[in-house]
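how does the following fold in three dimensions:
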Amino acid sequence: MSEFEKYKADYERDGFVVVPGFLTGDDFVELTSELDRYIAEVVPTLPDSAAFFQDKKSPETLKQMQHMPDQYFIDYADHPRWKQLAETLFGEPALTKRPEWFNKPPNTDHETPPHQDNYYINLDPPPLTAWLALDPVDDENGCLRYYAGSHRKGLRPHKATRVLGFSQGIADFDVATEENEVAVHMQPGDLAVHHGELIHRADPNRTTDRHRRAFAMVFQTVAARLDQEAHVQHTAAAREQHQGLGLEVD
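Okay, the predicted model is just below:
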């Protein structure tokens with residue numbers, strides 16, 4: 001039996017679980033060292049659509065990296081521990097694409113809008129996202145806020161936002177009336193896993209000296225199929241947002 005079997009019932013009920021100490025010791029050090037290398041050596045060569053900054057003139061404001069065209073991270077997508085976790089929660093074989101990296105730099109003034117990942121990803125059945133904390137994460141620096149059970153109600157209507165990296169947010173969301181919000185506090189190496197249709201958001205990073213970095217991978221079942229029409233619509237919306245923000249579009 002997988003060590004992660006104990007999380008399956010909670011994941012199915014709530015749409016998320018937190019696995020404390022998922023990545024520790026040399027495994028955690030190796031990953032963070034490779035991320036530091038990639039940021040220093042590769043990011044300066046990437047187009048705007050692959051690495052997002054609060055202010056591109058200030059490298060310390062790097063806030064998101066997508067796709068990560070680097071052999072280490074291409075290979076890391078097949079990491080057996082991550083894959084075992086995903087397959088246990090799905091109950092069937094899984095695969096993933098290249099990892100992503102997220103950050104809320106100190107004094108970040110924007111929220112992560114409430115959204116559902118599968119509105120962007122467009123898979124049937126929905127994927128899951130595994131989100132590894134690289135820093136201590138709490139209320140002050142913008143922890144994830146999950147809405148337990150919301151994945152069982154399907155996709156909500158979304159509309160365009162001005163938040164780079166999140167082109168769409170839930171159109172009819174009101175934090176005062178939404179139910180079952182859970183603030184997820186984490187330590188480096190802890191892993192939060194959420195269903196692709198779980199509603200989640202994050203507040204700004206209100207600290208002056210703390211980053212909120214995370215490394216993430218999206219998993220899907222081998223049987224999952226892409227909704228081509230929805231995917232084309234989302235891709236066009238993201239490109240339109242990038243152009244509206246003055247970014248280069250590759």
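
any idea how far residue 103 is from the most centrally placed residue in the chain?
With distances taken as Cα atoms, centre = their mean, the chain has residue 216 as the residue nearest its mean C-alpha position (5.4 Å). Here the criterion is Cβ to Cβ, to the nearest Å. By it, residue 216 lies 11 Å from residue 103. Every C-beta, even on glycine, is put in place using the N, C-alpha and C of the backbone.

can you point me to the longest strand in this structure?
Ranked by residue count, the top strand of the chain under DSSP state E comes out as strand 212-221.

helices or strands up against it?
The elements that strand 212-221 packs onto, with contact taken as 3 or more Cβ pairs under 8 Å, 6 or more residues apart in numbering; DSSP states H and E, are helix 80-90, strand 94-96, strand 100-104, helix 117-121, strand 128-133.

reformat these as a markdown table; add distance to residue 212, mean pLDDT and mean neighbour count.
Below are the helices and strands packed on strand 212-221 laid out as a markdown table (distance: least, Cβ to Cβ, whole Å; pLDDT from 0 to 100; neighbours: other Cβ atoms under 10 Å):
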| stretch | distance to residue 212 | mean pLDDT | mean neighbour count |
| --- | --- | --- | --- |
| helix 80-90 | 21 | 97 | 18 |
| strand 94-96 | 23 | 96 | 18 |
| strand 100-104 | 4 | 94 | 22 |
| helix 117-121 | 18 | 94 | 21 |
| strand 128-133 | 8 | 98 | 24 |
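
for residue 56, which of those is the nearest?
Between residue 56 and those, the shortest separation by Cβ to Cβ is 14.3 Å, and it involves strand 100-104.

could you list the low-pLDDT ranges of this protein?
Counting by pLDDT under 70, the chain shows low-confidence ranges at 230-250.

quick one: the helices in it?
Counting by DSSP state H, the segments of the chain that form helices are 8-14, 25-41, 71-76, 80-90, 117-121, 228-244.

the first one - contacts with which helices or strands?
Just to be clear, that refers to helix 8-14. Taking 3+ Cβ pairs under 8 Å, 6+ apart as the contact cut, helix 8-14 packs with helix 80-90.

run through who's touching the helix it packs on.
2, 4-5, 7-8, 11, 17, 19, 22-23, 93-94, 96, 128, 130, 191, 193, 217, 219, 221 (Cβ atoms under 8 Å, 6 or more residues apart in numbering).

stretch 64-77 too?
The list of residues contacting stretch 64-77 from outside it, by Cβ under 8 Å, 6+ apart, reads 31, 34, 38-39, 42-43, 46, 49-52, 96-103, 164-165, 217.

how long is it end to end?
18 Å (Cα to Cα, to the nearest Å).
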